[in-house]
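Participant: Give me a 3D structure for the following:
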Amino acid sequence: MTPILKDALAIEELNYDLTEIIAVDDRCEVEDIPEDTILGEAIYVLEKFTSPVQGFFHHDCLMGRDGADEQRWARKNVKQLKAFIKKYGK
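Facilitator: Below is the predicted model:
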């Protein structure tokens, strides 16, 4: 397993998107997902949390509209995603 994939799978929401959406839709193993796709998906997942116009529940969680537990979950994901993008972004 590559370092970028290992780090990506450690982020809950990015892990879900890679294993349950990308790998399933592309009919491949998660290990076969290209690094540029992993980074692009990380950026997309971060936008689901930070963009109010997208209409994703992730933003509501981050804003605390779904309770304190969900807000903590969202903040943790956002923090991890930002660090991941900073580390692997070009």
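Participant: Just checking, which helix or strand of the chain averages the lowest pLDDT?
Facilitator: Counting by mean pLDDT, DSSP states H and E, the chain has its least confident helix or strand at helix 57-62, which shows a mean of 92.
Participant: Against which helices or strands is that helix packed?
Facilitator: Applying 3 or more C-beta pairs under 8 Å, 6 or more residues apart in numbering; DSSP states H and E, one finds that helix 57-62 contacts helix 35-50, helix 68-88. Every residue, glycine included, has its C-beta placed from N, CA and C.
Participant: Please work out which of those is packed deepest.
Facilitator: Comparing these by mean neighbour count (mean count of other C-beta atoms under 10 Å), helix 35-50 ranks first with a mean of 17.
Participant: got the angle for that helix vs helix 68-88?
Facilitator: 150 degrees (axes from the mean of the first three to the mean of the last three C-alpha atoms, to 10 degrees).
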